[in-house]
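> Only the shape, not the letters, is given here:
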């Protein structure tokens with residue numbers, strides 16, 4: 001048996017060991033970092049060290065101190081707070097609120113995000129990145145998020161982001177990873193990373209695509225926030241924003257025949273259902289053409305895309321750029337049930353309270369024909385406008401408060417198809433429903449276009465490095 005019998009075996013040059021101070025752990029050699037570094041070094045184009053292209057706090061490459069996180073419920077006393085996981089989310093409206101007094105202190109004030117910054121996860125799963133949009137200003141970040149703040153006088157921000165997220169940039173970023181249990185990188189590990197420079201026109205072209213993608217994502221977020229606000233303000237007496245610490249109520253014996261768990265009889269959820277039932281409404285069951293939750297199945301993962309489809313975990317579907325875990329063989333039992341189709345709505349059915357349970361996902365064109373876990377309820381509406389109206393509603397607190405009380409189970413709370421079918425949807429004037437559908441369709445189309453623009457920008461960078469363009 002030789003090394004070719006092992007799927008991830010790789011030859012390591014002795015010179016690489018010398019350059020790395022005889023470092024013998026696998027990360028620097030298995031990530032492709034050294035091959036990427038050698039490719040960049042061989043370019044005839046100018047290369048600038050990353051630290052020479054940044055500016056701001058600590059030279060423009062920094063994370064932050066460890067600190068106690070004091071969370072609050074009211075936006076009046078808090079600021080949105082992002083972590084290395086939540087920074088990837090397409091919808092940032094559900095971020096927790098860090099106490100404003102702490103955030104604005106001299107110790108943490110510099111952790112406030114500014115547009116054009118590249119965020120890099122630097123603890124746990126290393127090297128995931130996102131670009132800070134203008135609508136993200138005013139959000140604070142955790143110490144697990146490494147900030148790279150470009151100096152626009154030295155390099156276009158969008159170009160730097162596209163390079164760092166390319167198949168040459170990512171390996172260079174993760175090369176400095178250290179730690180056995182929880183892995184980390186620090187600012188000094190990427191400070192001297194070589195950034196290839198091309199003509200001003202080429203860098204500006206790449207930059208413009210990334211910036212336009214950021215604008216589209218901001219516009220999509222704004223449209224969806226307008227829609228959810230319209231739903232949540234239909235019944236102002238319901239106090240949907242408030243989260244009471246303790247609820248006490250009496251329940252008639254006949255109401256316990258269906259469910260006996262306390263959360264289902266949450267007074268606010270009962271009040272929401274009662275209020276909606278007195279106004280024009282429909283149920284999710286009546287609105288959808290099909291609703292189902294796939295059965296549990298054994299996953300058959302394969303190495304390539306032939307006779308398979310990309311497989312996504314439930315969590316990654318909520319990201320700006322969902323990342324496939326691998327490929328699921330078409331020979332997998334229930335493959336058709338876990339396949340996704342554009343326009344389908346998914347709702348996370350399993351998870352802990354306060355997480356993604358009850359949150360919706362719109363299947364855009366980049367997820368069409370992909371596959372995902374069985375832990376999301378599939379809502380299928382053939383009429384695209386009706387599907388958009390439903391998705392807009394499911395993003396609202398009016399929907400979430402109804403769904404959150406449906407979960408049951410000890411270790412992993414979850415809800416079933418029968419439960420979500422009972423959720424009530426307010427009916428509005430036909431022209432108002434059509435307006436909401438247009439806003440939602442505009443938002444999901446903008447997200448699709450934004451992702452394609454980022455992919456195109458990355459492809460141009462890679463082509464330039466390869467010398468194809």
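Cool, got the structure. Since the structure is predicted, the reported quantities are computational estimates derived from the model, not experimental observations. Numbers count the residues shown, from 1 in each chain.

> Run through the strands of the stretch 201-350 of the chain in chain order.
Remark: strands assigned in the stretch 201-350 of the chain by DSSP state E, counting those that start in this stretch are 281-283, 290-292, 301-302, 308-312, 326-329, 345-348.

> what sits up against the second one?
Okay, so that is strand 290-292. 284, 285, 337, 377, 378, 379, 380, 417, 420, 421 (CB atoms under 8 Å, 6 or more residues apart in numbering). Glycine gets a C-beta too; all of them are placed from N, C-alpha and C.

> so for that strand, what's the average pLDDT?
Computed over strand 290-292, the mean pLDDT rounds to 97.

> Please apply the same query to the last one.
The average pLDDT within strand 345-348 is 97.

> need the strands of the stretch 201-350 of the chain in JSON lines with distance to residue 364 and mean neighbour count, can you?
Output for those, formatted as JSON lines (distance: least, CB to CB, whole Å; neighbours: other CB atoms under 10 Å):
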{"stretch": "strand 281-283", "distance to residue 364": "25", "mean neighbour count": "15"}
{"stretch": "strand 290-292", "distance to residue 364": "19", "mean neighbour count": "14"}
{"stretch": "strand 301-302", "distance to residue 364": "24", "mean neighbour count": "14"}
{"stretch": "strand 308-312", "distance to residue 364": "12", "mean neighbour count": "21"}
{"stretch": "strand 326-329", "distance to residue 364": "19", "mean neighbour count": "18"}
{"stretch": "strand 345-348", "distance to residue 364": "11", "mean neighbour count": "23"}
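
> For the ones you listed, could you give me CSV that also reports distance to residue 239?
What follows is those, written out as CSV (distance: least, CB to CB, whole Å):
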stretch, distance to residue 239
strand 281-283, 20
strand 290-292, 29
strand 301-302, 46
strand 308-312, 36
strand 326-329, 44
strand 345-348, 24
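
> who wins for proximity to residue 93 among those strands?
strand 345-348 (15.6 Å; CB to CB).

> got the contact list for the closest one?
With CB under 8 Å, 6+ apart as the test, strand 345-348 has contacts from 314, 317, 340, 355-363, 372, 375-381, 387, 390-391, 394, 403, 420.

> Out of those, list just those in helices.
In this view, these that belong to helices under DSSP state H are 387, 390, 391, 394, 403, 420.

> Could you break this protein into its assigned domains?
What automatic domain parsing lists as the domains of the chain is 42-211+453-466, 236-278+281-427.

> measure residue 314 to residue 349 for me?
Look at residue 314 and residue 349: by CB to CB, to the nearest Å, they are 9 Å apart.

> These two: which is more packed in?
Using other CB atoms under 10 Å as the criterion, residue 314 and residue 349 rank with residue 349 on top: 26 against 19.

> Could you measure from the more buried one over to residue 405?
Applying CB to CB, the value for residue 349 to residue 405 is 14 Å.

> what do you get for residue 364?
29 Å.

> More neighbours: those two, which one.
Neighbour count, other CB under 10 Å: between residue 364 and residue 405, residue 405 has more, with 23 against 19.

> Kindly point out which residues are neighbours of both of residue 314 and residue 349.
Counting by CB under 8 Å, 6+ apart, the shared contacts of residue 314 and residue 349 are 375, 376.

> in the protein, which helix or strand is least confident?
Within the chain, no helix or strand scores below helix 27-30, which has a mean of 62 by mean pLDDT, DSSP states H and E.

> For residue 439, grab the count of nearby residues.
Look at residue 439: counted by other CB under 10 Å, it has 19 neighbours.

> which residues of the stretch 151-300 of the chain score low on pLDDT?
176-182, 242-247, 249, 253-257 (pLDDT under 70).

> any chance you could map the helices in it?
157-164, 169-174, 187-190, 200-232, 267-277, 284-287 (DSSP state H, counting those that start in this stretch).

> Need the ones in helices among the contacts of strand 345-348 in TSV (columns: neighbour count, pLDDT and distance to residue 53).
Below are the ones in helices among the contacts of strand 345-348 laid out as TSV (neighbours: other CB atoms under 10 Å; pLDDT from 0 to 100; distance: CB to CB, whole Å):
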residue	neighbour count	pLDDT	distance to residue 53
387	25	98	44
390	24	98	46
391	27	98	40
394	27	98	42
403	24	94	46
420	24	96	49
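
> hmm, back to that, narrow the contacts of strand 345-348 to those that are buried.
Neighbour counting over the contacts of strand 345-348 (16 or more other CB atoms under 10 Å) leaves 314, 317, 340, 356-363, 372, 375-379, 381, 387, 390-391, 394, 403, 420 as the buried ones.

> Run a quick neighbour tally on residue 157.
Neighbours of residue 157 (other CB under 10 Å): 23.

> actually residue 169, not the one I typed
Close neighbours of residue 169, defined as other CB under 10 Å, add up to 28.

> That one and residue 111: what is the separation?
Applying CB to CB to residue 169 and residue 111 gives a distance of 24 Å.

> Now do the SS call for the residue nearest to residue 202 when sequence neighbours are not counted.
Among residues not flanking residue 202 along the chain, residue 464 sits closest, at 6.4 Å (CB to CB, 6 or more residues apart in numbering). Of the three states, residue 464 takes helix under DSSP: H, G, I helix; E, B strand; the rest coil.

> which residues sit in contact with residue 464?
Per CB under 8 Å, 6+ apart, neighbours of residue 464: 45, 196, 198, 202.

> any chance of those residues in a markdown table, plus distance to residue 117 and neighbour count?
As requested, the contacts of residue 464 are exported to a markdown table (distance: CB to CB, whole Å; neighbours: other CB atoms under 10 Å):
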| residue | distance to residue 117 | neighbour count |
| --- | --- | --- |
| 45 | 25 | 13 |
| 196 | 21 | 19 |
| 198 | 22 | 19 |
| 202 | 22 | 17 |
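
> Would you map the helices across the stretch 1-150 of the chain?
Under the criterion DSSP H, counting those that start in this stretch, the stretch 1-150 of the chain contains helices at 14-19, 27-30, 33-42, 100-103.

> Where among these is average confidence lowest?
Sorting the helices of the stretch 1-150 of the chain by mean pLDDT places helix 27-30 lowest, at a mean of 62.

> What sits closest to residue 208 if chain neighbours are left out?
Distance criterion CB to CB, 6+ apart; nearest residue to residue 208, sequence neighbours excluded, is residue 158 at 6.9 Å.

> And for residue 63?
Spatial nearest neighbour of residue 63, excluding adjacent residues (CB to CB, 6+ apart): residue 146 at 4.9 Å.

> I'd guessed the one you found sits against residue 117; true?
No: contact criterion CB atoms under 8 Å: residue 146 and residue 117 do not qualify, at 10.1 Å.

> give the contact list for residue 275.
By CB under 8 Å, 6+ apart, the contact list for residue 275 reads 235, 237, 238.
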